[in-house]
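> Give the three-dimensional model of this entry:
(3 chains)
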Amino acid sequence: MTYNYENLPQPLQSWTFQHPNQPPVPHPVWPYIAQAPWAQDLEHEFRERDQPLTFVLVHGSWADASFWSGIAAELRKKGHTVYVPEFPGHGADPNKAATHAMMTKSIADYVTSHNLKNIILVGHSFGGSLVQKVAEHIPDRLKRLVFMNAFVLKDGGSLADEFPPSMKAMFKQLVESSKDNTVLLPFPLFRESFANLASYAQAQQLYKKVTPEPAGPLFEKFDLKKFYSLQVPKSYVHLMEDTAIPLGSPDYGWHPHMSSRLGLYRFIQAHGDHMSTAQFEPKLIARKIYEASRD
Amino acid sequence: MTYNYENLPQPLQSWTFQHPNQPPVPHPVWPYIAQAPWAQDLEHEFRERDQPLTFVLVHGSWADASFWSGIAAELRKKGHTVYVPEFPGHGADPNKAATHAMMTKSIADYVTSHNLKNIILVGHSFGGSLVQKVAEHIPDRLKRLVFMNAFVLKDGGSLADEFPPSMKAMFKQLVESSKDNTVLLPFPLFRESFANLASYAQAQQLYKKVTPEPAGPLFEKFDLKKFYSLQVPKSYVHLMEDTAIPLGSPDYGWHPHMSSRLGLYRFIQAHGDHMSTAQFEPKLIARKIYEASRD
Amino acid sequence: MTYNYENLPQPLQSWTFQHPNQPPVPHPVWPYIAQAPWAQDLEHEFRERDQPLTFVLVHGSWADASFWSGIAAELRKKGHTVYVPEFPGHGADPNKAATHAMMTKSIADYVTSHNLKNIILVGHSFGGSLVQKVAEHIPDRLKRLVFMNAFVLKDGGSLADEFPPSMKAMFKQLVESSKDNTVLLPFPLFRESFANLASYAQAQQLYKKVTPEPAGPLFEKFDLKKFYSLQVPKSYVHLMEDTAIPLGSPDYGWHPHMSSRLGLYRFIQAHGDHMSTAQFEPKLIARKIYEASRD
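Numbering: from 1, shown residues only, chains lettered A, B, ... in the order given. Have a look, this model is predicted:
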């Protein structure tokens, strides 16, 4: 479906806006140091202490929980609580027949069994589609959803629907050349489109961890009516040099094509590519995730 | 009207271009220190002394003249002369029935009564539409027009014409919920779309100054034929994370949708959102406005 | 032709992708210092030693080989070998009737006569169209093609096809006002669209070197079937404030309109305008060209 403000799945007016005649809802106070003139800088890193938050980080395809290691460490240094659940078909789990439903159930069960509340649920890439479904399972445990160059699927859509035709054809070719209905990114594609800002040595280092991705969930269609009825606040973190999905087309891409489906959302932007910046500049990305997540 | 190079209100060729056979028109000399290798940096802040300019700064909706305080102070430090006129329906003026014509006349009268000449007239947001009409009143006093994430309306268009349908519906809902034909931004909308790069404390601090905005001028249609016949140089300053109007659509947004209506214009870009960056990074924004304004 | 993933001249799948069952092709080792935590910064300048490369730099219109002086010096400092061929109709050559074929033959002959191999062929602006044709002549000598805000013409297209109608009309007006079928940019246009980030003094300094450009090659149509069959890796360096061609339209502009024609390509991005950033921030641009060029 074409990017179009007439047919946004979640229109801006779905928030109930009333003409306010009182100040905003009082906010639970946390200690901060007021901004001083010398505190100003280009990175918006004002000298306020971080508001402590609870993060649940959901990685994407061809990755495992270690994708978040650097970022989780940086967030913890700032006083946040960070959970990084692994899910079926990834990490230590060898089941390449894992379904999308198995993955979302696993993450939702993780949150429930740890009795996590008021969480910031963050998805990267394919993880965005997991976040959409997890949110349907545990809406009352959510404080905010954050999508970082992540899929925001339309109701009834699949991930493959977001690929331009030539990319979809390439993915089908890759699946067919596998023996177990998986997709493994060829190194040249990974290096140019997923780690374009990295050095060759860095790209190789990252590629060593890449394993075949279950192909089933990429072509599945999802009912997302409940997701689009949720009133939870949402943010989109856009890393500007990410070409994992061709960028700049009104009909494809992370932003604004998929981000705009969120209706009202907070927009945060930085330089970065799809896979390497999170690994090699974790402090920058952790900061951007925090900016997307705070009240 | 769709973004379309066939139907730009002010086509590029409206400037009279002749094949020059002499160097550019001599420029009034001002002292500067030649660039040295060590002067190079990412912010283009070469060690030239600023060319002294006279600025008239026009704020937007839900703001008053104090919007420019930090920026005006930074510009004055660099030797510029800065005027920040208040206009009807804003600041100390309680008249929420103020019309667009009253506002533009007030600004034009301010410039004339102070006998300001050779001015850089800068508009932010709604202030862009004021700049367009003020320029029609006092073309001989203008050196350049600068639009900073500002409306550049088409001839016969209104501000509301630039809102996507869902945003227009939301604004109508807000007007109807008021008792005096005004619009007050709900805090959640302000926080996510106008101050997305700010901390919660900063967003609250800014929101305390927000007062209801007269709704009439938002829905008025303007005859801008004279504006589009003016030969005054123009610039557009684009702050990239400004989502006050949904960004990235070819049919809506500050840039390139509205900026391109200027025909030939100087383009300056920086990171920033709609309301908070001007407040909390005034040095950066003052620099960008200067870059947009110098000869 | 409209930007459209259905009709890309070189679809993504034109690369032969096989499901790899071995690690990536071993890479010729060069010494590097492993990244340390303190080496991290926003400019991606990890403390690896540069992989030594051989560059051939091709300038654009209204320029000569000196366009690359600062950048070539920075690349050489890092241990690279850099060639900057001049070509007919530019620099010391007064022949304003030079054709595109004369220019590409001259560059191809230069590479062959110096017996250069494994080169990174870089084109800027008009130089992109030269790089496309030179690549057809000497495919076996290429390691990678790098386009920096450069034309990537479609098969059968001309440079003028990439100008919006109003811009094309302006160019025709400029050609007609010349006596020798050339185009000279008027200073106001140069200052606003080619050197928008520069100071006036810098823009004047650059403009002194601008000479009339042969108009013939701008309107010529090119057969590029062979170019679109080449399997050589490609990169696009996008300087974000370059308005030499109006930016942001899906149907015109450097990126993604022309960059996407490359099919699979490495994307590198930085702040910069069309002509002045290369001159006044050569270290930044040399770094971005290297990032686009390394393995």
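> contacts for stretch A:190-199?
A:62, A:185, A:200, A:202-203, A:206-207, A:210, A:241, A:243-244, A:271-277, A:280, C:32, C:44, C:46, C:48, C:233, C:264-268, C:291, C:294 (C-beta atoms under 8 Å, 6 or more residues apart in numbering or on different chains). All C-beta atoms are positioned from the backbone trio N, CA, C, and that covers glycine.
> The residues you listed in helices, which ones?
A:200, A:202-203, A:206-207, A:276-277, A:280, C:291 (DSSP state H).
> which two in these are spaced the farthest apart?
Greatest spacing in these, by C-beta to C-beta: A:Tyr207 and C:Glu291 (17.8 Å).
> for the stretch 101-250 of chain A, what spans make up the helices?
With helices called from DSSP state H, counting those that start in this stretch, the stretch 101-250 of chain A shows them at A:127-137, A:165-176, A:187-189, A:200-207, A:216-219.
> Just say which of those helices is most tucked in.
Here the criterion is mean neighbour count by mean count of other C-beta atoms under 10 Å in any protein chain shown, and of the helices of the stretch 101-250 of chain A the winner is helix A:127-137, at a mean of 25.
> List of residues touching that helix?
By C-beta under 8 Å, 6+ apart, helix A:127-137 touches A:58-60, A:87, A:100-101, A:103-105, A:107-108, A:111, A:121-123, A:142, A:145, A:147, A:150-153, A:159, A:217, A:222, A:224, A:226-227, A:230, A:232, A:258.
> if you set the cut-off to 6 Å instead, what comes out?
A:58-60, A:103-104, A:107-108, A:121, A:123, A:145, A:147, A:150-153, A:224, A:226-227, A:230 (C-beta atoms under 6 Å, 6 or more residues apart in numbering or on different chains).
> Can you name the residues of the stretch 151-295 of chain A sitting close to chain C?
Proximity of the stretch 151-295 of chain A to chain C, by C-beta under 6 Å from any C-beta of the partner chain, involves residues A:164-167, A:169-170, A:174, A:177-178, A:184, A:186-187, A:192, A:196-197, A:199-201, A:241, A:243, A:248, A:250, A:281.
> Show me the shaky parts of chain A.
A:1-48, A:248 (pLDDT under 70).
> those strands in chain A, which residues are they?
Using DSSP state E, the strands assigned to chain A run over residues A:54-58, A:81-83, A:119-125, A:142-150, A:182-183, A:213-214, A:234-239, A:266-270.
> Mind listing the strands the longest one pairs with, and their directions?
Read that as strand A:142-150. strand A:119-125 (parallel), strand A:234-239 (parallel) (DSSP bridges).
> Alpha carbons of the shortest one, as PDB, please.
It stands for strand A:234-239. Taking Å, rounded to 0.1, in the frame of the first residue of the first chain, the C-alpha atoms of strand A:234-239 are listed here in PDB:
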ATOM      1  CA  LYS A 234       5.500   4.900  20.400                       C
ATOM      2  CA  SER A 235       8.800   6.100  19.100                       C
ATOM      3  CA  TYR A 236      10.800   5.600  15.900                       C
ATOM      4  CA  VAL A 237      14.600   5.700  16.000                       C
ATOM      5  CA  HIS A 238      15.900   6.200  12.400                       C
ATOM      6  CA  LEU A 239      19.600   5.500  11.600                       C
END
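> returning to what we had before: any chance of a PyMOL selection covering the buried ones in the contacts of helix A:127-137?
Remark: buried members of those, expressed as a PyMOL selection using 16 or more other C-beta atoms under 10 Å in any protein chain shown:
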select buried, chain A and resi 58+59+60+103+104+107+108+121+123+145+147+150+151+152+153+224+227+230
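> Am I right that A:Asp180 is in contact with A:Lys96?
Yes - between A:Asp180 and A:Lys96 there is a contact at 5.3 Å, judged by C-beta atoms under 6 Å.
> which of the two has more neighbours?
Neighbours per residue, other C-beta atoms under 10 Å in any protein chain shown: of A:Asp180 and A:Lys96, the larger number sits with A:Lys96, 18 against 10.
> Contacts only, for that one.
Counting by C-beta under 6 Å, 6+ apart, A:Lys96 touches A:180, A:182, A:214.
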